[in-house]
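[1] Return a 3D structure for these sequence lines:
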Amino acid sequence: MQNTERWQVGNATVTRVVESEAGAFPPGFMFTDLTEERVQSIDWLHLHYATEDGNIRFSLHTYVIESDGQTIVVDTCIGNDKDRAFEGWNRQSLPFLEWLAEAGFPAESIDIVLCTHLHTDHVGWNTRWDGTRWVPTFPNARYLFGRTEWDHWSREHPELGDMPAEIAQAASVEAAIADSVTPIVEAGLHELVETDHELTSEVSLRPTPGHSRDT
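    Model prediction:
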């Protein structure tokens, strides 16, 4: 199926559904002091994760995990109709929910939505525009957010850590919290979890701090 890959990990089935794959970008744009030459020197990055000239490939996708009778969506990409500073992400109109359904996962079938962190490209399909307001895309799901992550981004003026200024502008994190996270909280569908939370007997969280400010 187009935009979809599936594989088995133990007793769990993992399905990758791609929202978009946006070419490649210079490594220094996202990773401080990382050069094209350094990327070229790392063999395992090629050719799935980097181009021959040392640029980084970029994929936006979700993982759906089927485990212990639970259907879990891990991260929800950019979403449609969202105002974003980065032109390629601004007011998208993609049939992502159709692709998800074609892979066997209509929105109503999802039990858990897990956001590994709350950056813009991980929360977008948490909500959809119904013509008047942002509503939960997966109405029967519990949305799991890291407690430390939520505490950080729910502050009135959250810090952006060492995120480069151009990335911070493109990320539109505060806008994403407003249209893709806060409506879930207001609907009472969220659960704040710790960094070692166990979702099923086969799926648990492990803390990997660094990419997101306080997690």
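[2] where in this protein is pLDDT low?
    By pLDDT under 70, the low-scoring segments of the chain are 1-2, 156-171, 210-215.
[3] can you rerun that using 80?
    Low-confidence segments of the chain, defined by pLDDT under 80: 1-2, 22-23, 29-32, 47, 155-172, 209-215.
[4] And the strands in this structure, which stretches?
    4-9, 12-25, 56-67, 70-74, 112-114, 127-129, 134-136, 142-146, 190-193 (DSSP state E).
[5] Spatially central, which residue of the protein would that be?
    residue 122 (2.0 Å; CA atoms, centre = their mean).
[6] surely that residue meets residue 73?
    No: counting by CB atoms under 8 Å, residue 122 does not reach residue 73; the two are 11.0 Å apart. Placement of C-beta: from N, CA and C, glycine included.
[7] quick one: contacts for residue 63?
    14-17, 73-75 (CB atoms under 8 Å, 6 or more residues apart in numbering).
[8] for residue 144, that is, sorry about that
    With contact set as CB under 8 Å, 6+ apart, residue 144 has these partners: 112-115, 190-191, 193, 197, 199.
[9] What of residue 115?
    Per CB under 8 Å, 6+ apart, neighbours of residue 115: 75-76, 122-123, 126, 143-146, 149, 181.
[10] measure it to residue 60 for me?
    In this view, residue 115 and residue 60 are 14 Å apart by CB to CB, to the nearest Å.
[11] Repeat that for residue 14.
    The gap separating residue 14 from residue 60 is 17 Å, by CB to CB.
[12] In the sheet, which residues pair with the closest residue to residue 137 other than its chain neighbours? Tell me.
    Computed as CB to CB, 6 or more residues apart in numbering, the closest residue to residue 137 that is not its neighbour in sequence is residue 128, at 4.7 Å. The partner list for residue 128 in beta bridges (DSSP bridges) reads residue 135.
[13] Residue 128 against residue 79, yeah?
    Yes: in terms of CB under 8 Å, residue 128 counts as a neighbour of residue 79; the distance is 7.3 Å.
[14] Compare neighbour counts for those two and give me the winner.
    residue 79 (27 against 19; other CB atoms under 10 Å).
[15] Name the nearest residue to the more buried one, ignoring sequence neighbours.
    Nearest non-adjacent residue to residue 79 (CB to CB, 6+ apart): residue 124, at 2.7 Å.
[16] Wait, the one you found touches residue 175, no?
    No: with contacts counted by CB under 8 Å, residue 124 stays clear of residue 175, the gap being 10.6 Å.
[17] quick one, which of the two is more surrounded?
    Counting neighbours by other CB under 10 Å for residue 124 and for residue 175 shows that residue 124 has the greater number, 27 against 14.
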